[in-house]
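Chemist: got a sequence here, can you model it:
(one chain, ligands or ions: 1)
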Amino acid sequence: MSPNASDPGDGRWTHDDLPAMDGETVVVTGANSGLGLEATRAFARVGARVVMACRSTERGHVARADVEQEGVAGELEVRELDLADLDSVRAFADGVDAPVDALCNNAGVMAIPRSETADGFETQFGVNHLGHFALTGLLLDRLAAADGEARVVTQSSGLHEDGEMEFDDLQGERDYDKWDAYARSKLANVLFGYELDRRLRGAGVDDVTSVVCHPGYAATNLQLRGPEAEGSRLRVLAMKAANTAFAQSPERGVLPMLYAATSPALDGGEYVGPGGFRNMRGYPAVQESSPASHDEGDARRLWGVSEDLTGVTYDFTAAREARADGASGSAAAGD
Ligand SMILES: NC(=O)c1ccc[n+]([C@@H]2O[C@H](COP(=O)([O-])OP(=O)(O)OC[C@H]3O[C@@H](n4cnc5c(N)ncnc54)[C@H](OP(=O)(O)O)[C@@H]3O)[C@@H](O)[C@H]2O)c1
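Modeler: Numbers count the residues shown, from 1 in each chain. The predicted model follows:
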């Protein structure tokens with residue numbers, strides 16, 4: 001990542017403080033809508049090449065055209081990624097051919113009726129957590145190949161605070177509540193993001209860091225998907241009204257993710273969200289996540305379960321060696 005990311009130091013970090021990212025590659029999941037689209041726009045404005053990972057390439061191309069008509073500096077590439085299908089995750093990762101400077105694990109679904117992914121996982125846990133767990137592990141070598149610091153950012157939610165891991169019914173087979181399942185998946189995002197950072201440090205993988213963020217409350221399509229899936233037009237209208245009345249714009253909601261992806265003030269292992277009213281709006285700030293999110297026993301257990309379910313194991317040794325090779329290569333180039 002660019003070493004020149006600026007921090008105004010007054011707690012009012014905005015789009016204007018994003019560093020130049022020419023020559024850098026950022027992967028954004030869910031890049032066609034809401035916060036992923038705003039992140040794509042922001043990274044492309046400052047020159048990054050953005051790999052737009054979209055469940056529907058058709059929607060991805062519409063989003064890409066929307067960003068490109070601004071005349072952004074960065075190059076955009078739309079690639080298919082369905083986080084509800086591990087074959088799609090593998091195919092996507094196989095096709096990422098360049099070093100990755102930042103991976104934004106952003107895509108998500110909220111409070112939908114129970115359904116299952118192609119691999120038989122409850123969809124909210126499968127898409128929000130397991131798909132991203134697999135994707136990150138499969139891209140670890142490309143993150144390790146980045147020139148400077150590389151960062152994994154995982155988008156959680158303030159609702160992770162309501163989450164309970166319930167390892168004996170992770171897939172909600174015995175008892176499914178759509179909000180509990182969402183909160184659990186978002187708690188899993190935080191446990192994963194922290195555990196990834198600990199494992200990277202423990203394995204001596206220099207300068208690949210993991211940060212967790214949340215957007216507060218931003219008006220996007222997220223709030224509409226559950227009522228749409230339930231066929232409730234009334235609740236879709238109610239959600240739209242609530243978004244208009246209470247939510248911040250996606251342009252504001254994306255600030256924590258942009259800050260988490262680029263700020264050199266972060267060491268890894270932080271939780272970043274809007275620092276204003278009830279952490280629902282405002283400028284990015286490092287915050288405290290729930291006590292449950294700091295349970296290292298649960299984090300290790302979740303990691304093991306996620307490896308078993310996805311069949312993806314992280315090769316930290318190869319990542320460390322790639323970092324060491326890269327560092328000695330750049331030192332030699334600088335001689
Ligand atoms: N907005 C908020 O207030 C809020 C608050 C807390 C946390 N968040 C988190 O922010 C993240 C982004 O949500 P958003 O608010 O920007 O909502 P959004 O506008 O609905 O965007 C969600 C994105 O995720 C994609 N997605 C859904 N299922 C997918 C799958 N199986 N494979 C790949 N992509 C998939 C969607 O693709 P399609 O367009 O094809 O459906 C869409 O691009 C989520 O992780 C959410 O939990 C948002």
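Chemist: what count of nearby residues applies to the closest residue to the ligand within the stretch 51-200 of the chain?
Modeler: Taking C-beta to the nearest ligand atom, the ligand has its nearest neighbour within the stretch 51-200 of the chain at Gly108, 2.5 Å off. The C-beta positions use only the backbone N, C-alpha and C, and glycine is treated the same way. Per other C-beta atoms under 10 Å, the neighbour tally for Gly108 reads 27.
Chemist: strands of the stretch 201-335 of the chain, start to end?
Modeler: Assigned by DSSP state E, counting those that start in this stretch, the strands in the stretch 201-335 of the chain fall at 208-213, 271-274, 284-286.
Chemist: most tightly packed of those strands?
Modeler: strand 208-213 (a mean of 28; mean count of other C-beta atoms under 10 Å).
Chemist: now check that strand, is it near the ligand?
Modeler: No: counting by C-beta under 6 Å from any ligand atom, the ligand is not contacted by strand 208-213; separation bottoms out at 9.0 Å.
Chemist: residues contacting that strand, please?
Modeler: 140, 143-144, 146, 149-156, 189-190, 193-194, 196-197, 200, 256-257, 259-261, 266-273, 284, 289, 319, 323 (C-beta atoms under 8 Å, 6 or more residues apart in numbering).
Chemist: and the residue of the stretch 51-200 of the chain closest to the ligand, how far is that from Gln124?
Modeler: Taking C-beta to C-beta, to the nearest Å as the measure, Gly108 falls 8 Å from Gln124.
Chemist: got it, and Asp197?
Modeler: Taking C-beta to C-beta, one finds Asp197 at 24 Å from Gln124.
Chemist: what about the two, which has more around it?
Modeler: Ranked by neighbour count (other C-beta under 10 Å), Asp197 and Gln124 place Gln124 first, with 28 against 20.
Chemist: which secondary element of this structure has the worst mean pLDDT?
Modeler: helix 316-334 (a mean of 78; mean pLDDT, DSSP states H and E).
Chemist: run through the bridge partners of the residue nearest to the spatial centre of the chain.
Modeler: Centrality entry for the chain: nearest residue to the mean C-alpha point is Asn105, 2.1 Å, by C-alpha atoms, centre = their mean. Legend: beta-bridge partners of Asn105 under DSSP bridges are Thr154.
Chemist: verify the stated contact: it with Leu135.
Modeler: Yes: under the criterion of C-beta atoms under 8 Å, Asn105 makes contact with Leu135 at 7.0 Å.
Chemist: still on that earlier bit, overlap of the contact sets of Gly108 and Gln124?
Modeler: Joint contacts of Gly108 and Gln124 (C-beta under 8 Å, 6+ apart) are Ser185.
Chemist: out of the strands of the stretch 201-335 of the chain, which gets nearest to Gly34?
Modeler: Nearest to Gly34, of all those, is strand 208-213, at 14.1 Å by C-beta to C-beta.
Chemist: tell me the strands beside that closest one, with direction?
Modeler: Partners of strand 208-213 in its sheet, by DSSP bridges: strand 150-155 (parallel), strand 271-274 (parallel).
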